[in-house]
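>>> Show me how the following folds:
(one chain, ligands or ions: 1)
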Amino acid sequence: MTGSRTTSGTATATAAVRRTGEARYLIAVLAQALEPVLRFDAPADATLAQFMREHRQLGGRDRQLLGDAVYALLRAWRLALHWLAQGEQPMPREARMRRLALLGLALQAGGAAPVPLPGASALQIVQRARALSTDGGDTDWLDACTAQMSDGLPEACQHNLPDWLADTLAGQWGRDTFWTLIAALRQPAPLDVRVNILRAKRSAVQQQLAAIGLSCQSTPYSPWGLRFDDKPSLQRSAPFQDGLIEVQDEGSQLLALLSDARRNETVVDFCAGAGGKTLALGAMMRNTGRLYAFDNSAHRLAGLQPRLQRSGLLNVHTMALQGERDERLQRLAGKVDRVLVDAPCSGLGTLRRHPDLAWRTGPNDVASLQAAQLAILQQACRLLKPGGQLIYATCSLLDAENSVVRAQFASEQPDLEPLDWQPLLKKHRLEAFAVADNALQLLPHRSNTDGFYACAWRKQA
Ligand SMILES: C[S@@+](CC[C@H](N)C(=O)[O-])C[C@H]1O[C@@H](n2cnc3c(N)ncnc32)[C@H](O)[C@@H]1O
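Okay, the predicted model is just below:
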């Protein structure tokens, strides 16, 4: 009896030592991973991927945990800063990074935090940090975090956005809608794919996925979309390798759908990037006509090549633009049926997936994006033939990049008329997302997609 108690006591003690060692290790690695991410000078996903490449010794479980902890911290950045401010100031860099790592792990363990975050839940996060802490120097700081909780959390800790952005969004929609949006932005985005209708029917692909244990449902609006019940890795699956599916948010699919590209047309995807929408347009055109994929980044366009090969599309011509005066642009002037401008933008509509964007974008960036959006629209509209259509889209939440750009551009183009999208919106059951001036706006809390804005014009015949 005594012996067994001693054995089990030793086992518990050993497990505790292992847990302490593991926590110390995880905190140290996470602190290293956070260092470049928190500079906010490059996308967090790319920075994290680089860190993982440089730390090949990390196992799959640790990679997953570290990634989740980085994103949990980014989603609660203002809260983390608020708690950090409860410690001694100035705080030595090492302590700062260790405490941020501790908070990242504590936040990650709690899953998606509700909005508003109740005081009791905030307290639990601090308690989890306390349980994970392996450094006696953190005790006073964690006590101070707990003590200030009785004053309630400042509003900024609830929306977790920079003040300028919170003020702008609340000003656009009013406070009630703002908070509904914030709650939706805090939820993880679903994993959607677009079925390549050139190769297979959606129902057949759904069955094929089910046969390999991947459960998914039809998306509510896109006729090509499947939404997964969880977040499986698809890259090595047969449906992906065989070009039957591409990962694409339902909102992106809907923008391609509204471009309404048809067989045998000449269509330009002016800002194609790695071609998410190009692939959808090509499939809509049933591999006929000519589809040009432009981008001013040859690097981004290169990402389209393997996707094109998988897709079976043969009607796509990629072109890395060499500036506004690119000769190939002049040659296409007046000849194109449809131009999609999926413009470079702040990307703030994708905050669910990229919470770091809020901290990598400022009001000055928005002003220069606006200028770029207008310049691209002007180039793009020169390509239209009489009766041709120009579609403008962003994944931004900001009126400054959406309705303001639409209005300014339209005021300078007397030979463009706004396209009446009502019939198309009705056909695809999207009327609920119509906004002023024949535009469409998708928002995470309304369509459970990323945030998108789109509008269209027709060139007078
Ligand atoms: C929103 S992203 C496009 C995403 C892409 N359409 C998709 O569905 O995956 C905007 C793209 O515009 C490109 N871009 C920026 N300035 C440009 C310009 N002046 N002309 C053409 N493309 C430009 C960027 O390189 C970027 O790939």
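>>> my read: residue 103 touches residue 81, true?
No - Residue 103 lies out of contact with residue 81 (Cβ atoms under 8 Å); the separation is 9.8 Å. Any C-beta I mention is one placed from the backbone N, CA and C, and that applies to glycine too.
>>> Which one of the two is surrounded by more residues?
When residue 103 and residue 81 are compared on other Cβ atoms under 10 Å, the one with more neighbours turns out to be residue 103, at 26 against 14.
>>> next one: phi and psi at that one?
Backbone geometry at residue 103, expressed as degrees, to the nearest 10, gives phi -70, psi -40.
>>> next one: residue 64
Taking degrees, to the nearest 10 as the convention, residue 64 sits at phi -60, psi -50.
>>> what's around it, how many residues?
Taking other Cβ under 10 Å as the neighbour definition, residue 64 ends up with a count of 11.
>>> Quick check: the gap between it and residue 108.
Using Cβ to Cβ, to the nearest Å, one gets 10 Å for the distance from residue 64 to residue 108.
>>> send the alpha carbons of the top strand by length along the chain over as CSV?
The single longest strand within the chain, with elements called by DSSP state E, is strand 384-394. Written as CSV, here are the backbone C-alpha positions of strand 384-394 (Å, rounded to 0.1, in the frame of the first residue of the first chain):
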residue,chain,number,x,y,z
LEU,A,384,-13.3,47.5,-72.4
LYS,A,385,-15.1,47.3,-75.7
PRO,A,386,-18.4,49.1,-76.1
GLY,A,387,-20.9,47.2,-73.9
GLY,A,388,-18.1,45.6,-71.9
GLN,A,389,-18.3,45.3,-68.1
LEU,A,390,-15.8,46.4,-65.4
ILE,A,391,-16.1,44.8,-62.0
TYR,A,392,-14.4,46.4,-59.0
ALA,A,393,-13.8,44.3,-55.9
THR,A,394,-11.9,44.6,-52.6
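>>> mind saving the C-alpha coords of whichever helix or strand comes after it as PDB?
Reading on from strand 384-394 to the C-terminus, the next helix or strand found by DSSP states H and E is helix 403-411. Listed in PDB are the C-alpha atoms of helix 403-411, where the atom choice follows Å, rounded to 0.1, in the frame of the first residue of the first chain:
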ATOM      1  CA  SER A 403     -17.900  53.200 -51.900                       C
ATOM      2  CA  VAL A 404     -15.600  56.200 -51.900                       C
ATOM      3  CA  VAL A 405     -13.400  54.800 -54.700                       C
ATOM      4  CA  ARG A 406     -16.500  53.700 -56.600                       C
ATOM      5  CA  ALA A 407     -18.000  57.200 -56.400                       C
ATOM      6  CA  GLN A 408     -14.800  59.000 -57.300                       C
ATOM      7  CA  PHE A 409     -14.000  56.700 -60.200                       C
ATOM      8  CA  ALA A 410     -17.600  56.900 -61.600                       C
ATOM      9  CA  SER A 411     -17.500  60.700 -61.400                       C
END
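>>> which of the residues in the host helix or strand of residue 48 are buried?
Using DSSP H and E, the element containing residue 48 is helix 44-54. Neighbour counts using 16 or more other Cβ atoms under 10 Å place 44, 47, 48, 51 of helix 44-54 among the buried residues.
>>> Residue 79 reaches residue 160, doesn't it?
Yes - counting by Cβ under 8 Å, residue 79 sits close enough to residue 160 to count as a contact (6.5 Å).
>>> Just want to know which of these two has more residues nearby.
Set side by side, residue 79 and residue 160 show more neighbours around residue 160, with 26 against 22, by other Cβ under 10 Å.
>>> What are the neighbouring residues in contact with the more buried one?
If a contact means Cβ atoms under 8 Å, 6 or more residues apart in numbering, then residue 160 has 75, 76, 77, 78, 79, 182, 186, 355, 358 as its contacts.
>>> Local confidence estimate at it?
pLDDT recorded at residue 160 is 96.
>>> With residue 13 instead?
Looking at residue 13, its pLDDT reads 54.
>>> Ok, residue 157 next?
At residue 157, the predicted lDDT confidence score is 96.
>>> For it, the count of nearby residues, please.
Applying other Cβ under 10 Å, we find 19 residues neighbouring residue 157.
>>> same question, residue 460
The tally of other residues near residue 460 (other Cβ under 10 Å) stands at 12.
>>> now stretch 65-77: mean pLDDT?
This predicted structure assigns stretch 65-77 an average pLDDT of 96.
>>> Any chance you could list what contacts it?
26, 29-30, 33-34, 37, 44, 48, 52, 58, 80, 100-101, 103-105, 107-108, 110, 112-113, 157, 160, 186, 355-356, 358-359.
>>> Also stretch 362-376?
The contact list for stretch 362-376, computed with Cβ under 8 Å, 6+ apart, reads 162, 164, 270-271, 324, 341, 343-346, 392, 394, 398, 400-401, 404-405, 408-409.
>>> Does residue 318 fall in a helix, a strand, or a coil region?
Classification of residue 318 into helix, strand or coil gives strand, according to DSSP: H, G, I helix; E, B strand; the rest coil.
>>> Which residues does it form beta bridges with?
Here residue 318 sits in beta bridges with residue 293, as judged by DSSP bridges.
>>> Quick check: phi and psi at the residue of the stretch 1-150 of the chain found nearest the ligand.
Proximity of the stretch 1-150 of the chain to the ligand (Cβ to the nearest ligand atom) peaks at residue 43, 12.7 Å away. Backbone torsions of residue 43, given as degrees, to the nearest 10, read phi -60, psi 140.
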